[in-house]
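**Student:** Predicted model, plus sequence, below.
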Amino acid sequence: MATSLSTILNAMRSGECAGHWVSEFYPDWSQGRTSFGGLTAAQAIHALRQSCEPVRPLRSLMVNFISAAGAGDIDVHCEELHRGNSATWAEARVSQAGKLVATAMACFGESRQSSISVAAATRPACPSAEQIPDLMRRDNPMLPAFTHNYQMRFAIGGAPASAAPGSELGAWTRYRDSDEAIGEAQLIAMLDLPPPAVMQMFQQPKPVSSLSWHIEFLDHLQAADSPDYQGWWFMHARAKSCADGYSQEHTTLYTPSGRALAMSQQTVAIYA
(Lines give C-alpha, C1' and ligand atoms only; values in the text may rest on other atoms or scores of the structure.)
Protein backbone atom coordinates (compact mmCIF):
# COMPACT_ATOMS: atom_id res chain seq x y z
CA MET A 1 0.00 0.00 0.00
CA ALA A 2 1.26 3.49 -0.87
CA THR A 3 2.40 5.79 1.92
CA SER A 4 -0.11 8.60 2.40
CA LEU A 5 1.09 12.18 2.10
CA SER A 6 -0.11 12.90 5.63
CA THR A 7 2.02 10.03 6.91
CA ILE A 8 5.08 11.35 5.06
CA LEU A 9 4.68 14.85 6.46
CA ASN A 10 3.97 13.67 10.00
CA ALA A 11 7.13 11.51 9.85
CA MET A 12 9.38 14.51 9.15
CA ARG A 13 11.69 14.97 12.11
CA SER A 14 13.63 17.92 13.49
CA GLY A 15 17.29 17.97 12.56
CA GLU A 16 20.49 19.04 14.20
CA CYS A 17 19.77 22.77 14.36
CA ALA A 18 16.85 25.18 14.44
CA GLY A 19 14.94 25.28 11.16
CA HIS A 20 16.36 21.93 9.99
CA TRP A 21 13.93 19.15 9.12
CA VAL A 22 14.66 15.68 7.78
CA SER A 23 12.48 13.57 5.51
CA GLU A 24 13.29 10.72 3.15
CA PHE A 25 12.79 9.39 -0.36
CA TYR A 26 9.58 7.40 -0.92
CA PRO A 27 9.65 5.12 -4.00
CA ASP A 28 5.84 5.15 -4.19
CA TRP A 29 6.05 8.93 -4.67
CA SER A 30 8.77 8.85 -7.32
CA GLN A 31 8.79 10.28 -10.81
CA GLY A 32 11.40 8.38 -12.75
CA ARG A 33 14.66 8.62 -10.83
CA THR A 34 13.59 11.47 -8.56
CA SER A 35 10.87 12.44 -6.10
CA PHE A 36 7.61 13.85 -7.45
CA GLY A 37 8.01 17.63 -7.52
CA GLY A 38 4.69 18.12 -5.76
CA LEU A 39 5.95 16.03 -2.85
CA THR A 40 9.15 18.08 -2.61
CA ALA A 41 7.09 21.28 -2.49
CA ALA A 42 4.77 19.77 0.14
CA GLN A 43 7.75 18.78 2.31
CA ALA A 44 9.14 22.31 1.99
CA ILE A 45 5.92 24.10 2.95
CA HIS A 46 5.35 21.70 5.86
CA ALA A 47 8.82 22.48 7.22
CA LEU A 48 8.27 26.22 6.76
CA ARG A 49 5.02 25.98 8.70
CA GLN A 50 6.81 24.22 11.56
CA SER A 51 9.78 26.60 11.63
CA CYS A 52 8.78 30.05 10.43
CA GLU A 53 5.08 30.85 10.07
CA PRO A 54 2.35 28.66 11.57
CA VAL A 55 -0.54 31.16 11.39
CA ARG A 56 -0.57 33.62 8.50
CA PRO A 57 -2.26 32.35 5.30
CA LEU A 58 0.00 31.31 2.44
CA ARG A 59 -0.31 33.79 -0.43
CA SER A 60 2.41 32.68 -2.85
CA LEU A 61 5.05 29.99 -3.21
CA MET A 62 7.92 29.94 -5.71
CA VAL A 63 9.66 26.60 -6.17
CA ASN A 64 12.79 26.00 -8.26
CA PHE A 65 13.65 22.38 -9.08
CA ILE A 66 17.43 22.17 -9.35
CA SER A 67 18.46 18.50 -9.22
CA ALA A 68 17.08 15.01 -8.60
CA ALA A 69 16.39 13.55 -5.15
CA GLY A 70 17.02 9.82 -4.85
CA ALA A 71 17.16 7.22 -2.07
CA GLY A 72 18.27 8.45 1.35
CA ASP A 73 17.53 11.25 3.79
CA ILE A 74 16.31 14.60 2.45
CA ASP A 75 17.21 17.74 4.40
CA VAL A 76 15.05 20.87 4.51
CA HIS A 77 16.66 23.99 5.97
CA CYS A 78 14.24 26.85 6.71
CA GLU A 79 14.98 30.52 7.26
CA GLU A 80 12.71 33.43 8.05
CA LEU A 81 13.83 36.26 5.77
CA HIS A 82 11.51 39.05 6.88
CA ARG A 83 8.54 39.54 9.21
CA GLY A 84 6.43 42.66 8.79
CA ASN A 85 3.18 43.86 10.29
CA SER A 86 1.13 41.72 7.91
CA ALA A 87 3.50 39.58 5.82
CA THR A 88 6.22 37.01 6.45
CA TRP A 89 8.81 35.92 3.89
CA ALA A 90 10.58 32.61 4.41
CA GLU A 91 12.75 30.24 2.38
CA ALA A 92 13.29 26.48 2.44
CA ARG A 93 16.35 24.88 0.85
CA VAL A 94 15.91 21.19 0.09
CA SER A 95 19.10 19.16 -0.24
CA GLN A 96 20.44 15.63 -0.20
CA ALA A 97 24.00 14.65 0.78
CA GLY A 98 24.98 18.32 0.55
CA LYS A 99 23.59 18.74 -2.99
CA LEU A 100 20.84 21.29 -3.50
CA VAL A 101 17.62 19.69 -4.79
CA ALA A 102 15.14 22.59 -4.69
CA THR A 103 14.42 25.97 -3.17
CA ALA A 104 11.02 27.25 -2.04
CA MET A 105 10.27 30.89 -1.29
CA ALA A 106 6.98 31.53 0.51
CA CYS A 107 5.03 34.69 1.29
CA PHE A 108 2.49 34.47 4.12
CA GLY A 109 0.09 37.40 4.50
CA GLU A 110 -2.71 38.33 6.85
CA SER A 111 -6.08 39.31 5.42
CA ARG A 112 -6.84 43.03 5.24
CA GLN A 113 -9.97 45.05 4.53
CA SER A 114 -10.15 46.45 1.01
CA SER A 115 -12.72 48.23 -1.15
CA ILE A 116 -11.34 46.49 -4.26
CA SER A 117 -12.73 43.13 -5.35
CA VAL A 118 -12.20 41.26 -8.64
CA ALA A 119 -14.00 37.97 -9.18
CA ALA A 120 -11.84 34.95 -9.95
CA ALA A 121 -12.34 32.82 -13.06
CA THR A 122 -15.30 30.46 -13.20
CA ARG A 123 -14.87 26.74 -13.76
CA PRO A 124 -15.30 25.87 -17.45
CA ALA A 125 -18.20 23.69 -18.54
CA CYS A 126 -17.19 20.09 -19.19
CA PRO A 127 -18.34 16.47 -18.58
CA SER A 128 -18.50 15.43 -14.93
CA ALA A 129 -15.90 13.11 -13.41
CA GLU A 130 -18.47 10.31 -13.25
CA GLN A 131 -18.84 10.41 -17.05
CA ILE A 132 -15.12 9.84 -17.70
CA PRO A 133 -12.98 6.71 -17.15
CA ASP A 134 -10.13 6.80 -14.63
CA LEU A 135 -6.76 6.74 -16.41
CA MET A 136 -4.72 6.43 -13.20
CA ARG A 137 -5.19 2.71 -12.68
CA ARG A 138 -2.62 1.20 -10.35
CA ASP A 139 -2.00 -1.69 -12.75
CA ASN A 140 -0.78 0.65 -15.52
CA PRO A 141 3.03 0.15 -15.68
CA MET A 142 3.47 3.16 -18.00
CA LEU A 143 2.56 5.69 -15.31
CA PRO A 144 5.06 7.17 -12.82
CA ALA A 145 4.76 5.71 -9.33
CA PHE A 146 3.46 8.93 -7.73
CA THR A 147 0.35 9.00 -9.95
CA HIS A 148 -0.99 5.89 -8.23
CA ASN A 149 -1.73 8.05 -5.18
CA TYR A 150 -4.41 9.92 -7.15
CA GLN A 151 -7.39 9.48 -9.41
CA MET A 152 -7.47 11.72 -12.48
CA ARG A 153 -9.92 11.99 -15.37
CA PHE A 154 -9.43 14.18 -18.45
CA ALA A 155 -12.54 16.25 -19.24
CA ILE A 156 -10.93 18.72 -21.68
CA GLY A 157 -8.13 17.79 -24.06
CA GLY A 158 -6.46 14.41 -24.21
CA ALA A 159 -3.97 12.09 -22.58
CA PRO A 160 -0.21 12.61 -23.02
CA ALA A 161 1.19 11.60 -26.41
CA SER A 162 -2.27 11.47 -28.02
CA ALA A 163 -1.28 13.87 -30.85
CA ALA A 164 -4.02 16.32 -29.81
CA PRO A 165 -4.24 19.51 -31.89
CA GLY A 166 -4.35 21.94 -28.95
CA SER A 167 -2.84 22.56 -25.54
CA GLU A 168 -5.92 23.20 -23.37
CA LEU A 169 -6.36 20.61 -20.60
CA GLY A 170 -9.07 20.07 -17.99
CA ALA A 171 -8.79 17.31 -15.41
CA TRP A 172 -10.83 16.11 -12.45
CA THR A 173 -8.66 14.78 -9.65
CA ARG A 174 -8.70 13.63 -6.05
CA TYR A 175 -6.55 11.61 -3.66
CA ARG A 176 -7.06 7.89 -4.01
CA ASP A 177 -6.89 7.58 -0.21
CA SER A 178 -10.29 8.93 0.81
CA ASP A 179 -8.99 9.52 4.35
CA GLU A 180 -6.38 12.05 3.17
CA ALA A 181 -7.33 15.42 4.67
CA ILE A 182 -6.99 18.19 2.10
CA GLY A 183 -4.73 20.69 3.79
CA GLU A 184 -2.31 23.23 2.38
CA ALA A 185 0.48 20.75 1.57
CA GLN A 186 -1.98 18.32 -0.06
CA LEU A 187 -3.28 21.08 -2.34
CA ILE A 188 0.21 22.11 -3.38
CA ALA A 189 1.13 18.51 -4.21
CA MET A 190 -2.10 17.99 -6.17
CA LEU A 191 -1.46 21.14 -8.23
CA ASP A 192 1.62 19.43 -9.68
CA LEU A 193 -0.26 16.25 -10.65
CA PRO A 194 -1.55 16.93 -14.20
CA PRO A 195 0.95 16.47 -17.03
CA PRO A 196 2.01 19.66 -18.82
CA ALA A 197 -0.78 20.66 -21.20
CA VAL A 198 1.55 20.45 -24.23
CA MET A 199 2.21 16.75 -23.59
CA GLN A 200 -1.09 15.86 -25.25
CA MET A 201 0.39 17.29 -28.47
CA PHE A 202 3.29 14.80 -28.46
CA GLN A 203 3.29 12.15 -31.19
CA GLN A 204 4.89 9.65 -28.80
CA PRO A 205 5.98 9.61 -25.14
CA LYS A 206 8.90 11.95 -24.46
CA PRO A 207 10.41 13.23 -21.20
CA VAL A 208 9.66 16.60 -19.62
CA SER A 209 11.21 18.33 -16.62
CA SER A 210 9.79 21.09 -14.40
CA LEU A 211 12.23 23.94 -13.82
CA SER A 212 10.32 26.59 -11.88
CA TRP A 213 6.86 26.75 -10.39
CA HIS A 214 4.96 29.73 -8.96
CA ILE A 215 1.75 29.18 -6.99
CA GLU A 216 -0.64 31.92 -5.90
CA PHE A 217 -3.60 31.35 -3.60
CA LEU A 218 -6.68 33.40 -4.50
CA ASP A 219 -8.28 33.08 -1.09
CA HIS A 220 -7.35 31.84 2.35
CA LEU A 221 -7.80 28.10 2.89
CA GLN A 222 -10.63 26.51 4.79
CA ALA A 223 -10.35 23.68 7.30
CA ALA A 224 -9.02 20.43 5.80
CA ASP A 225 -12.36 18.70 6.49
CA SER A 226 -14.45 21.50 4.95
CA PRO A 227 -17.50 20.29 2.96
CA ASP A 228 -16.24 22.55 0.15
CA TYR A 229 -13.20 20.24 -0.18
CA GLN A 230 -15.07 16.93 -0.43
CA GLY A 231 -15.21 15.33 -3.86
CA TRP A 232 -13.51 15.90 -7.21
CA TRP A 233 -11.22 18.90 -7.68
CA PHE A 234 -10.84 20.42 -11.14
CA MET A 235 -7.71 21.78 -12.80
CA HIS A 236 -7.87 23.87 -15.96
CA ALA A 237 -4.53 24.29 -17.73
CA ARG A 238 -3.13 25.57 -20.98
CA ALA A 239 0.25 26.39 -22.44
CA LYS A 240 0.60 30.16 -22.71
CA SER A 241 3.62 29.74 -24.96
CA CYS A 242 6.01 27.02 -26.08
CA ALA A 243 9.28 27.67 -27.93
CA ASP A 244 12.93 26.58 -27.88
CA GLY A 245 12.03 23.45 -25.92
CA TYR A 246 10.38 25.29 -23.01
CA SER A 247 6.67 25.53 -22.25
CA GLN A 248 5.04 28.12 -19.97
CA GLU A 249 2.04 26.42 -18.38
CA HIS A 250 -0.78 28.16 -16.52
CA THR A 251 -3.19 26.22 -14.27
CA THR A 252 -6.21 27.18 -12.16
CA LEU A 253 -7.38 24.90 -9.34
CA TYR A 254 -11.09 24.77 -8.47
CA THR A 255 -12.64 23.30 -5.35
CA PRO A 256 -15.26 20.53 -5.71
CA SER A 257 -17.91 23.22 -5.24
CA GLY A 258 -16.47 25.18 -8.19
CA ARG A 259 -14.58 27.99 -6.41
CA ALA A 260 -11.25 29.06 -7.94
CA LEU A 261 -8.73 28.60 -5.13
CA ALA A 262 -5.24 28.79 -6.61
CA MET A 263 -3.30 29.50 -9.78
CA SER A 264 0.11 28.27 -10.86
CA GLN A 265 2.62 29.20 -13.54
CA GLN A 266 5.22 26.60 -14.44
CA THR A 267 8.19 26.57 -16.79
CA VAL A 268 8.73 23.08 -18.22
CA ALA A 269 11.59 21.78 -20.34
CA ILE A 270 10.28 19.46 -23.06
CA TYR A 271 12.24 16.98 -25.17
CA ALA A 272 9.88 16.45 -28.10
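**Tutor:** Sure, I can see it.
**Student:** For the protein, which segments count as strands?
**Tutor:** Counting by DSSP state E, the chain has strands at residues 13-14, 20-24, 30-31, 34-35, 58-65, 73-83, 87-96, 99-109, 150-156, 168-175, 208-217, 233-243, 246-254, 260-270.
**Student:** What mean pLDDT does the fourth one get?
**Tutor:** In this case it means strand 34-35. Averaging pLDDT along strand 34-35 gives 92.
**Student:** swap in the third one?
**Tutor:** Model confidence over strand 30-31 averages 92 on the pLDDT scale.
**Student:** repeat for the fifth one
**Tutor:** Here the mean pLDDT over strand 58-65 is 98, rounded to a whole number.
**Student:** Partner strands of that strand and their direction?
**Tutor:** Strands that pair with strand 58-65, judged by DSSP bridges, come out as strand 99-109 (antiparallel), strand 208-217 (antiparallel).
**Student:** now, of those strands, which is deepest in the fold?
**Tutor:** strand 99-109 (a mean of 20; mean count of other CB atoms under 10 Å). The way it works is simple: take the backbone N, C-alpha and C, and place the C-beta from them, glycine included.
**Student:** Counting by contacts, list what the longest helix anywhere in the chain packs against.
**Tutor:** If you go by DSSP state H, the chain has its longest helix at helix 37-51. Packing partners of helix 37-51 (3 or more CB pairs under 8 Å, 6 or more residues apart in numbering; DSSP states H and E): helix 5-10, strand 20-24, strand 58-65, strand 73-83, strand 87-96, strand 99-109, helix 184-191, strand 208-217.
**Student:** I'd like the strands paired with strand 58-65 as CSV, with mean pLDDT and distance to residue 149 appended.
**Tutor:** Output for the strands paired with strand 58-65, formatted as CSV (pLDDT from 0 to 100; distance: least, CB to CB, whole Å):
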stretch, mean pLDDT, distance to residue 149
strand 99-109, 97, 19
strand 208-217, 95, 18
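**Student:** so can I have CSV of those strands showing distance to residue 83?
**Tutor:** As requested, the strands paired with strand 58-65 are exported to CSV (distance: least, CB to CB, whole Å):
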stretch, distance to residue 83
strand 99-109, 9
strand 208-217, 19
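**Student:** Where does pLDDT dip in the stretch 51-200 of the chain?
**Tutor:** 138-139, 141 (pLDDT under 70).
**Student:** Domain map for this protein?
**Tutor:** 1-110, 126-272 (automatic domain parsing).
**Student:** Relative to residue 120, which of these is closest?
**Tutor:** Smallest distance to residue 120 across the domains of the chain (CB to CB): 3.8 Å, for domain 126-272.
**Student:** just to revisit the earlier point, would TSV of the helices and strands packed on helix 37-51 with distance to residue 46 be doable?
**Tutor:** Shown next, in TSV, are the helices and strands packed on helix 37-51 (distance: least, CB to CB, whole Å):
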stretch	distance to residue 46
helix 5-10	5
strand 20-24	8
strand 58-65	11
strand 73-83	8
strand 87-96	9
strand 99-109	11
helix 184-191	5
strand 208-217	15
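**Student:** closest to residue 251 out of these?
**Tutor:** Here helix 184-191 is closest among these (CB to CB), at 6.7 Å.
**Student:** Taking strand 58-65 as reference, get the angle to the closest one.
**Tutor:** 50 degrees (axes from the mean of the first three to the mean of the last three CA atoms, to 10 degrees).
**Student:** what sits up against helix 184-191?
**Tutor:** By CB atoms under 8 Å, 6 or more residues apart in numbering, the surrounding residues in contact with helix 184-191 are 5-6, 9, 36, 38-39, 41-43, 45-46, 49, 58, 61, 150, 173, 175, 180, 215, 221, 224, 233, 235, 251, 253, 261-262, 264.
**Student:** Right, I'll call it a day here.
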